[in-house]
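*Asks:* after the sequence you'll find the predicted model.
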Amino acid sequence: RLGPGVDRLALAVTGAALVAWVGWPTHPLTGYLAAGAGLANAFRWARWRGWQCLAEPLIFGLHLGYLWLVIGWGLTAAAILWVPSVTHGMAQHAFTAGAISHMTLVVMSRAALGHNGLPLKADALLSAAIACVFVGAVLRVTANFTGAAAGPVLMIAASLWSLAFLLFFSRILPLCWRRMPAYLAGDG
């Protein structure tokens, strides 16, 4: 089976790329390691077949978050090695507005639902939040390509990202608030 070996290789190449990126952010070797990390993680992502989870946004959102790691490493490699119009900022936003935002939003949603004894299913608000954070990340990463329209695109991206977390809080905060008396009484 390729699974565990590929996973270990992907983690090793990603770790090496991360160390190189921190130490030598524009060195060609860093670019090649970033390309290797992108390819290895793309292989892992494809092997998991996350697109088969499209019906459940809380699972599909995790796969989208992981896909942003693949995109981030690809953009890092492109910024260093091949494409002058691709910037390090685009890669950083793929990691932050894409990967970290998706993973944070989905994991917090699953934890809040689970700790409140609810099924780990996304309702309309959580599904919309996941969609907003995805579209916001796409717009943020690609805003450099929009030329004069970059300002409005960035504003839309920031608004969607903010809306994503506002939707999350509007769904989850009432659940947490309902449990507050138990926590205060020491029964939480």
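*Replies:* Alright, I've got the coordinates.
*Asks:* can you give me the helices for the chain?
*Replies:* 3-23, 28-48, 57-77, 88-93, 101-115, 124-142, 150-184 (DSSP state H).
*Asks:* buried residues in the first one?
*Replies:* If you call a residue buried by 16 or more other CB atoms under 10 Å, then helix 3-23 has these buried ones: 10, 13, 14, 16, 17, 18, 20, 21. For every residue, glycine as well, the C-beta is placed using N, CA and C.
*Asks:* which stretches of the protein have low pLDDT?
*Replies:* 1-3, 148, 180, 182-185, 187-188 (pLDDT under 70).
*Asks:* winner for burial among the helices of the chain?
*Replies:* With neighbours defined by mean count of other CB atoms under 10 Å, none of these is more surrounded on average than helix 57-77, at a mean of 23.
*Asks:* list the contacts of stretch 60-67.
*Replies:* 41, 44-45, 48, 50-51, 53-54, 98-103, 105-107, 122, 130, 134 (CB atoms under 8 Å, 6 or more residues apart in numbering).
*Asks:* so who does the residue most central in space within the chain touch?
*Replies:* With distances taken as CA atoms, centre = their mean, the residue of the chain nearest its centroid is residue 99 (1.7 Å). Contact analysis of residue 99 by CB under 8 Å, 6+ apart lists 65, 66, 68, 69, 72.
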